[in-house]
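*Asks:* coords please:
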Amino acid sequence: MTPAEVITIMTKRDEFTKWLGLEIDKIDKGYCKLHFTVKKEMLNGFENIHGGVIFSASDSAFAFACNSHGIITVALDVSITFTRPAKAGEVLHVEAREIHLGNKTGLYDVRTTNSAGELVAMFKGTAYRTGKIVE
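*Replies:* Okay, the predicted model is just below:
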């Protein structure tokens, strides 16, 4: 199964990713790049993007990258560091890269940047590969 076929299966069922407005730009084995526009509803009390939105977008890119091999893979451990705010109307780009792929686990680096290329957040994810095929 190709990465594109896996993502088609995943996105058919993934209402949360649709709700966030995430748009996939590129998918490959162990890799996903997507973007989204920060909406007013995504802001916190200081009119900056809520950290949970960035976490969710990063988690989605992570999921697409680690499942792109066609094996059902789930998050085992994740962490995120926020480096700068984003405002309504900004387009954020989220890029997930596979750093290591083993028999049972994988390690992923996910970076969120703004249109100027400035780092907004860095997410690290460890994934567990279940051995089951994506269907």
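*Asks:* For residue 132, which residues are in contact?
*Replies:* 71, 72 (C-beta atoms under 8 Å, 6 or more residues apart in numbering). The way it works is simple: take the backbone N, C-alpha and C, and place the C-beta from them, glycine included.
*Asks:* nope, residue 125 is what I meant
*Replies:* For residue 125, the contact set (C-beta under 8 Å, 6+ apart) comprises 58, 59, 62, 66, 75, 77, 78, 96, 107, 108, 110.
*Asks:* What subset of those is buried?
*Replies:* Using 16 or more other C-beta atoms under 10 Å as the burial test, the contacts of residue 125 include 58, 59, 62, 66, 78, 96, 107, 108, 110 as buried.
*Asks:* Contact partners for the second one?
*Replies:* Listed by C-beta under 8 Å, 6+ apart, the contact partners of residue 59 are 75, 78, 123, 125.
*Asks:* Which positions within the helix or strand hosting it qualify as buried?
*Replies:* According to DSSP states H and E, residue 59 maps onto helix 51-67. Neighbour counts using 16+ other C-beta under 10 Å place 53-67 of helix 51-67 among the buried residues.
*Asks:* Residues contacting stretch 67-79, please?
*Replies:* Applying C-beta under 8 Å, 6+ apart, the contact partners of stretch 67-79 are 1, 3, 5-7, 10, 27-32, 59, 62-63, 66, 101, 105-106, 123-134.
*Asks:* let me redo that: stretch 10-20
*Replies:* With C-beta under 8 Å, 6+ apart, stretch 10-20 has contacts from 24, 36, 53, 56, 57, 60, 63, 64, 67, 134.
*Asks:* Assign residue 7 to helix, strand or coil.
*Replies:* What DSSP: H, G, I helix; E, B strand; the rest coil gives for residue 7 is helix.
*Asks:* which ones are touching it?
*Replies:* 24, 27, 32, 64, 68.
*Asks:* Of those - the most surrounded one?
*Replies:* Among these, residue 32 has the most neighbours (other C-beta atoms under 10 Å), with 28 neighbours.
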